[in-house]
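In: any chance you can model this:
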Amino acid sequence: MTTISDQVDVLAPPAQGRRRRTVPIWLALVAASLPMFMATLDNLVMTSALPVIRADLNASVGQLQWFVNAYTLAFATLMLSAATLGDRWGRRRLFLSGIAVFTVASIGSALSTTPAMLIASRAVQGAGAAAIMPLSLALLAGAVPASKRAMAIGVWGGVSGLGIALGPVIGGAVVDGVSWQAIFWLNVPVALVAVPLALYALEESRGQRQRLDLLGVLLAGVGVFLGVWGIVHGNDDGWASARTVGVLAAAVLALAAFVLRELRTENPVVPMRLFRSRSFSIANVISFAFTLGMFGAVFLLAQYLQIVMGYTPFQAGLRTLPWTAAPMVVAPIAGILASRVGLRVLLVSGLALQAASLVWMSMLLEPGATYGEMIPAFVMAGVGMGLTFAPSATAVLTDMAEIDHATASSVNSTIREIGVALGVATLTAVFFGQGGNLTPAGYTDGLQPALLVGAASVVVGMVVAMAMPRKARD
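Out: Predicted coordinates for the structure are as follows:
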């Protein structure tokens, strides 16, 4: 019986005459997963550090949101483009370019002395991450035998979840022990290991060559950016002001133009035909709704633990683990159960737990509330996310032809990232719109209604999940 230490054939560099050599599967797995871990870690690594960065850079609340959203939006809007360019120019080549861009932008983030510099650097970081995430999976799939591919992809998914779970913890530990700038310096030694490892263990590959729909990418990026911008600035500018209404209307028009473009072009970045699948469409609505509600809540609660409860960044990050780490345990179990009990049961149950957990948290946040009282709600939220992740990923691919798997997965990942960005913007807008402020006395006033809005978003996903076919097709 073979194990993860089995060998994989990889072409040696041309200078060695392209003779065959062998690389252990575990080494190919590390080569593909290490940069991906770095990219997913940076999604939430700043959440525990935001109060410190705010004081150091004299940043506004809107700028705090853009520290997170600049990364997320660049990540989301460029991911599909990166997959297309990797097919044309070489997946490993673009993967390595993504690592280089990500690392240079990390240095720029660490050296930032103004909020504008940090926001710009974070956007470039997100562009690098967009090349890392989809191509790491494609390179890994090509590096392992078909018989070991499911196992390798499962490990890859676990590493991705680990990056998300450990983001607030590692960020908090580094801020407490060194400085917030060290969060970004950490990426440099990781890249110095990752680049030669990828060159050695991963073989260059290409996919179907097609033209990049630049206009489609531009329309999608403009639409999402304007939507987030309008929500972030709605409280300050006034929700009925000409500026806010104009920006949000422009966002709607840009996204409508994007859909029309994708319906008509021969090489769409998001093939609209994929949405003919009921499972695929429902899974994407679920992904958007629950990431909007849950990750917006994580953004606010990570700061609540510091501002109101008085924990240090590391202590706050550590206390999010019952929530953020639970999916790593539950998601594999949900994946096993999906074929037995059906997707619908797991999705509805998971989303119901998440919505209930946010309502429960909003009720707990009274003066004198303790962290111990929050733990059951955190665990409930984490279990609910675990019951949602694997079944929704299965639903994305259940009706797809194999040739569409990469595109379908990338579309779903993009929608999730957009949900994260809009969640941070929307729940923060509710927070301040309802009288919240960044003081121990005023934080709870806005946090409670924000959590209820997050719960409502998750409930929308739950209702939509009821229309999911009960079982995935074999």
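In: by contact count, what packs against the host helix or strand of residue 64?
Out: Using DSSP states H and E, residue 64 sits in helix 61-89. Counting by 3 or more Cβ pairs under 8 Å, 6 or more residues apart in numbering; DSSP states H and E, the packing neighbours recorded for helix 61-89 are helix 25-44, helix 50-57, helix 91-110, helix 115-143, helix 214-237, helix 405-433. From N, CA and C alone the C-beta is placed, and that goes for glycine too.
In: what's the closest of those helices to residue 318?
Out: For the helices and strands packed on helix 61-89, proximity to residue 318 was assessed by Cβ to Cβ; helix 25-44 is nearest, at 13.6 Å.
In: show me what that closest one is packed against.
Out: strand 7-11, helix 61-89, helix 91-110, helix 115-143, helix 146-177, helix 187-201.
In: mind putting these into a markdown table with distance to residue 447?
Out: What follows is the helices and strands packed on helix 25-44, written out as a markdown table (distance: least, Cβ to Cβ, whole Å):
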| stretch | distance to residue 447 |
| --- | --- |
| strand 7-11 | 49 |
| helix 61-89 | 13 |
| helix 91-110 | 28 |
| helix 115-143 | 23 |
| helix 146-177 | 17 |
| helix 187-201 | 31 |
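In: now the angle from the helix holding residue 64 to helix 25-44?
Out: Angular relation of helix 61-89 and helix 25-44 on a 0 to 180 degree scale: 150 degrees, by axes from the mean of the first three to the mean of the last three Cα atoms, to 10 degrees.
In: tabulate the helices and strands packed on helix 25-44 (a markdown table), appending mean neighbour count.
Out: Putting these into a markdown table (neighbours: other Cβ atoms under 10 Å) gives the following:
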| stretch | mean neighbour count |
| --- | --- |
| strand 7-11 | 15 |
| helix 61-89 | 23 |
| helix 91-110 | 22 |
| helix 115-143 | 23 |
| helix 146-177 | 19 |
| helix 187-201 | 17 |
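In: compare the ones you listed and give me the one nearest residue 377.
Out: helix 146-177 (16.7 Å).
In: verify the contact between residue 459 and residue 355 for me.
Out: Yes: the pair residue 459 / residue 355 is scored as a contact, 4.9 Å apart, by Cβ atoms under 8 Å.
In: between those two, point out the one with more neighbours.
Out: residue 355 (26 against 20; other Cβ atoms under 10 Å).
In: contact partners for that one?
Out: Residue 355 makes contacts with 293, 384, 455-456, 458-459, 462, as judged by Cβ atoms under 8 Å, 6 or more residues apart in numbering.
In: and the furthest pair within those?
Out: 384 and 456 (15.1 Å).
In: now render the helices and strands packed on helix 25-44 as a markdown table, adding mean pLDDT and distance to residue 257.
Out: Output for the helices and strands packed on helix 25-44, formatted as a markdown table (pLDDT from 0 to 100; distance: least, Cβ to Cβ, whole Å):
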| stretch | mean pLDDT | distance to residue 257 |
| --- | --- | --- |
| strand 7-11 | 42 | 43 |
| helix 61-89 | 80 | 15 |
| helix 91-110 | 93 | 28 |
| helix 115-143 | 86 | 22 |
| helix 146-177 | 73 | 32 |
| helix 187-201 | 91 | 36 |
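In: out of the ones you listed, nearest to residue 329?
Out: Across the helices and strands packed on helix 25-44, closest to residue 329 is helix 146-177 (Cβ to Cβ), at 9.7 Å.
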